[in-house]
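[1] 3D, please:
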Amino acid sequence: MEFDSEDDARSFYTEYARRAGFVVRVMQRRRSGIDGRTLARRLGCNKQGFSPNHKGGFGPEKKPRPSAREGCNATILVKMEKSGKWVVTRFVKDHNHPLVVTANGFSTEGDKDKKIEELTIELERQEQLCAAYRERLVSFIKNVEEQTEELSGKIQVIVENVRKVESEVRKHSCRR
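    Next up, the predicted model:
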């Protein structure tokens with residue numbers, strides 16, 4: 001297969017990937033040592049290879065995240081010929097993981113819009129629930145403050161009464 005440019009090759013493979021049910025990742029590029037232009041490009045499934053395990057001794061320890069890579073070998077290699085055309089020199093079709101394909105072979109924008117709408121409705125419901133909990137919490141705190149004030153007043157009266165009683169007891173004990 002032949003393309004007029006690297007971008008044409010990339011667009012073709014990206015569209016093929018979308019229809020097949022996977023996402024493309026740019027994997028390698030070989031450049032000319034003379035003028036720096038791209039001579040070859042390797043594209044593949046985004047689940048190609050395995051994530052490197054970065055365990056450096058610097059900085060805070062980070063929680064490991066699950067890797068999206070599964071060692072998939074699906075790839076395409078395109079090279080620029082002397083004629084200026086880009087030619088597919090290697091193509092691996094097989095994936096080692098399930099592909100995400102809809103009934104018509106397309107991931108529709110409508111599916112994404114529907115999911116966004118569902119999540120927006122759920123978010124609004126959760127915000128309403130939060131507001132109701134906030135109101136209950138404010139009411140509870142206000143009630144606690146009122147009861148604390150009332151108890152404080154009663155304790156003040158008790159303390160005054162105890163002082164009066166102690167004062168009277170001292171008066172009676174001094175007379176004897």
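[2] so Ala20 makes contact with Val100?
    No: counting by CB atoms under 8 Å, Ala20 does not reach Val100; the two are 9.4 Å apart. C-beta: built from backbone N, CA, C; applies to glycine.
[3] which one of these two has more residues nearby?
    Ala20 (15 against 10; other CB atoms under 10 Å).
[4] in its sheet, what does the helix or strand Arg42 falls within sit against?
    Arg42 belongs to strand 38-45 when assigned by DSSP states H and E. Note on strand 38-45: by DSSP bridges, its sheet partners are strand 24-31 (antiparallel), strand 75-80 (antiparallel).
[5] gap between Glu70 and His97?
    5 Å (CB to CB, to the nearest Å).
[6] now do the shared contacts for these two.
    Residues touching both Glu70 and His97 (CB atoms under 8 Å, 6 or more residues apart in numbering) are Lys47.
[7] Ile34: what secondary structure?
    Following DSSP: H, G, I helix; E, B strand; the rest coil, the label given to Ile34 is coil.
[8] mind checking pLDDT for it?
    Listed pLDDT for Ile34 reads 89.
[9] cool, and the one 10 residues further on?
    The pLDDT attached to Gly44 in the predicted structure is 87.
[10] next one: Gly56
    On the pLDDT scale, Gly56 gets 54.
[11] thinking again about what came up before, what's the closest of the strands paired with strand 38-45 to Arg134?
    strand 24-31 (44.5 Å; CB to CB).
[12] next, the buried residues of that closest one.
    Buried residues in strand 24-31, counting neighbours by 16 or more other CB atoms under 10 Å, are found at 24-25, 27.
[13] the longest helix seen in the chain: how far from the chain's middle?
    If you go by DSSP state H, the chain has its longest helix at helix 109-175. Offset of helix 109-175 from its chain centre (CA atoms, centre = their mean, to the nearest Å): 36 Å.
[14] so in the chain, where's the weakest helix or strand by average pLDDT?
    Least confident helix or strand of the chain, by mean pLDDT, DSSP states H and E, is strand 24-31 with a mean of 84.
[15] could you dump that one to PDB, C-alpha only?
    Extracted C-alpha coordinates of strand 24-31, given in PDB (Å, rounded to 0.1, in the frame of the first residue of the first chain):
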ATOM      1  CA  VAL A  24      -3.500   4.400  17.700                       C
ATOM      2  CA  ARG A  25      -0.300   5.300  19.400                       C
ATOM      3  CA  VAL A  26       2.700   6.800  17.700                       C
ATOM      4  CA  MET A  27       5.600   4.500  18.500                       C
ATOM      5  CA  GLN A  28       8.700   5.300  16.600                       C
ATOM      6  CA  ARG A  29      10.200   7.700  14.100                       C
ATOM      7  CA  ARG A  30      13.400   7.500  12.100                       C
ATOM      8  CA  ARG A  31      14.900  10.700  10.900                       C
END
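[16] no further queries at this time; thank you.
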